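Peer 1: I'll drop the sequence and a predicted model, then ask my questions.
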Amino acid sequence: MRLLHLVVVVALVSAAVYVYKIKFDSTLQAERIAKLTTDLRHMRDVNAALRAEWSRLDNPGRIQGLAERHLNLRPIEGTQFDTLDHLPDHAPPAAAAEAPDPIGAMIDMQAPDYPTGSTRKTAPAR
């Protein structure tokens, strides 16, 4: 009988320890959730403040005032535009090359038969 009592007492103590451990873990998790909730609320407040600041900075009236104050701009006048008939007929001629291109000649001399290294140059199909 005493052995049975001892087994029951040990089982009760171990059950109490296990229940205490579960309670402690759940309390720890509840504290962690509360901290995360507080952090989330803080981040939302910071986000709202940043959005409000961005709205204030992005206000077109404010930007117009800054442009007028710091930039030396004038309104566009109609006389600043020209018609297409004042454009030259042809582009100026390119400078004619008097001597052959020395860099191009060096590249041509060093170029292998297969330029990419992965395929060989093949004859065109007839």
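Peer 2: Looks like it came in fine. Residues are numbered from 1 along each chain as shown.
Peer 1: now do whichever helix in the chain runs longest: distance to the chain's middle.
Peer 2: Looking across the chain with DSSP state H, the single longest helix is helix 2-57. Distance, stretch centre to chain centre, for helix 2-57: 35 Å (Cα atoms, centre = their mean, to the nearest Å).
Peer 1: which strands or helices does it pack on?
Peer 2: Contact here means 3 or more Cβ pairs under 8 Å, 6 or more residues apart in numbering; DSSP states H and E; on that basis helix 2-57 packs against no helix or strand. Quick note: C-beta positions are derived from backbone N, CA and C, even for glycine.
Peer 1: next secondary structure after it?
Peer 2: helix 60-70 (DSSP states H and E).
Peer 1: by mean pLDDT, point me to the weakest helix or strand of this structure.
Peer 2: Within the chain, no helix or strand scores below helix 102-110, which has a mean of 72 by mean pLDDT, DSSP states H and E.
Peer 1: where does pLDDT dip in this structure?
Peer 2: Scanning the chain for pLDDT under 70 picks out 93-99, 110-126.
Peer 1: residue 88: how many residues sit nearby?
Peer 2: Residue 88 has 6 neighbours, counted by other Cβ atoms under 10 Å.
Peer 1: and it, helix, strand or coil?
Peer 2: In three-state terms, and counting by DSSP: H, G, I helix; E, B strand; the rest coil, residue 88 is coil.
Peer 1: may I have the least confident helix or strand of the chain as CSV, with CA atoms only?
Peer 2: Only the C-alpha atoms of helix 102-110 are listed here, as CSV (Å, rounded to 0.1, in the frame of the first residue of the first chain):
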residue,chain,number,x,y,z
PRO,A,102,44.1,51.9,-86.2
ILE,A,103,42.1,50.4,-83.3
GLY,A,104,39.6,48.7,-85.8
ALA,A,105,42.6,47.2,-87.7
MET,A,106,44.0,45.8,-84.4
ILE,A,107,40.6,44.3,-83.5
ASP,A,108,40.3,42.7,-87.0
MET,A,109,43.8,41.2,-86.7
GLN,A,110,43.1,39.6,-83.3
